[in-house]
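Trainee: Need a 3D model of the following:
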Amino acid sequence: MPRNPILRPVFYAFLLAAFAVPALTLRAADAPPKAAPDVIVFTNGDQLTGSFVREAGGNVVFHSDILGDLSIPWDKIKDLRTGTKVAVLNKGVILKHGHIPANLPIGTLTVESGLITVHPANNAMIQPIPVTNAQYIIDQTTLNKQMLGHPGFFQGWNGAATAGLTLVQATQDQYSFAASVGLVRVVPTVNWLDPRNRTAVDYAQSYGKITQPAYTAADGTLVPSTYTKSSIFHADAERDEYISQRFYYLGMLSFDHNYSQSLDLQQLYGGGIGYTVIKTPIQELDLKAVVQYERQAFFNTVIPSEASQNLIASTFGGSYIRHITKGVVFTQDLLYIPAWNDLHAYSFSETDTLALPAYKNFSFSLGTLDTYLNNVPLTYPNTKRNSFQFTAGVTYNFKSTY
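Mentor: Residues are numbered from 1 along each chain as shown. Sure, this is the predicted structure:
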């Protein structure tokens, strides 16, 4: 080390460079080479570079930084080359969680003349696969995550939250709001694996109030202020455990309140079975049958014995979802709830929702809720059995982070 204090900083800088530069050189040399971009050549000769996402149902999803995600049918593709490793799932292949078959074709691939050629890391020869036999093609990272991992509690959720508000200030003051949240998590979170379980949580509430201020009538009589309100609340949760690809057993609970029907609180706790009748990329239909304990509590009843009921009941229902066009989704739920120890105590409900895309994760939604409660108690004024609600609002869509 030099004794001259002026030369010491130069000496230290020299030592730092002597050790740091070789270390950085070795680190750069050890880093794995970056995979070449994926390339797709169309039948008209156009070429596009980007990232291969997946293939399902005869359509290749390809990501371009400029154009975003593109869905391209096989008959529009002349050549396809990937630099990333992918797995090809032939029709009829059966995958089980926790195990990746040793003979599953995994590697980079090229597609020419309708044939898929997989190039594994060990350079083993794999017979070319016709594109018509490839049920799914996914990247190896996604395959390992879905086959060997499991989403955490806060991962894998899809759904939407909707809110709407109305305010009026005039001779009468009026306000109303509606809010709802619906979340669903299916594990595994991809459609190329059979589902193991599904969890659904729903919450919806609307409240409104019209206030008439106090005033003095023409004869000098003071008329006090009055108000009219509406309040509807619903919350439910369901857990499905799949026995096969479409058949499952379930446990559920739900809570309902409807001021207009004098229903203070209806509670349901039950279990049953379900079956997925239709399942395609654009639509899905589930049918369910449940046996449950049901407790109803009413207010403003004239006859005290009608204030509450304990029922052994069932729920027979169906849930339908259809993707009409890109971003336009229609959902419908139908429920029939009969009670076996009181045949007079039954109810129907229908929920319809239409979501229209707006901007990114936001959409505009229209919804209806139609309920019929046959065993409403005797009240003054009389309570109607039927309740209908229409809502419109802005929706934010949640997408799975797993």
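Trainee: how's this structure carved up into domains?
Mentor: What automatic domain parsing lists as the domains of the chain is 1-31, 38-148, 157-398.
Trainee: Rounded mean pLDDT for the first one, please.
Mentor: Here domain 1-31 scores 47 as its mean pLDDT.
Trainee: about what we covered before: and the domains of the chain, which one is worst for confidence?
Mentor: domain 1-31 (a mean of 47).
Trainee: Identify the residues contacting the closest residue to Val329 other than its chain neighbours.
Mentor: Nearest residue to Val329 in three dimensions, chain neighbours excluded: Ala355, at 4.6 Å (CB to CB, 6 or more residues apart in numbering). (C-beta placed from N, C-alpha, C; glycine too.) Counting by CB atoms under 8 Å, 6 or more residues apart in numbering, Ala355 touches Ala160, Gly327, Val328, Val329, Phe330, Thr331, Ser363, Phe364, Ser365, Thr395, Asn397.
Trainee: okay if I get those residues as a markdown table plus distance to Ile312 and secondary structure?
Mentor: As requested, the contacts of Ala355 are exported to a markdown table (distance: CB to CB, whole Å; DSSP: H, G, I helix; E, B strand; the rest coil):
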| residue | distance to Ile312 | secondary structure |
| --- | --- | --- |
| Ala160 | 34 | strand |
| Gly327 | 43 | coil |
| Val328 | 41 | strand |
| Val329 | 36 | strand |
| Phe330 | 34 | strand |
| Thr331 | 30 | strand |
| Ser363 | 41 | strand |
| Phe364 | 42 | strand |
| Ser365 | 36 | strand |
| Thr395 | 37 | strand |
| Asn397 | 39 | strand |
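Trainee: Residue nearest the middle of this protein, spatially speaking?
Mentor: Centroid check for the chain by CA atoms, centre = their mean gives Asn158 as the closest residue, at 2.6 Å.
Trainee: follow-up on the earlier one: the residue nearest to Val329 pairs with what?
Mentor: Beta-bridge partners recorded for Ala355 (DSSP bridges): Val329, Ser365.
Trainee: List the buried residues in stretch 287-306.
Mentor: Leu287, Lys288, Val290, Gln292, Glu294, Gln296, Phe298, Thr301, Glu306 (16 or more other CB atoms under 10 Å).
Trainee: Which pair in the residues you listed has the greatest spatial separation?
Mentor: Leu287 and Thr301 (35.4 Å; CB to CB).
Trainee: got the buried residues for stretch 334-349?
Mentor: By 16+ other CB under 10 Å, the buried positions in stretch 334-349 come out as Leu334, Leu335, Ile337, Pro338, Ala339, Asp342, Ala345, Tyr346, Ser347, Phe348, Ser349.
Trainee: Since that was my last question, I'll sign off now.
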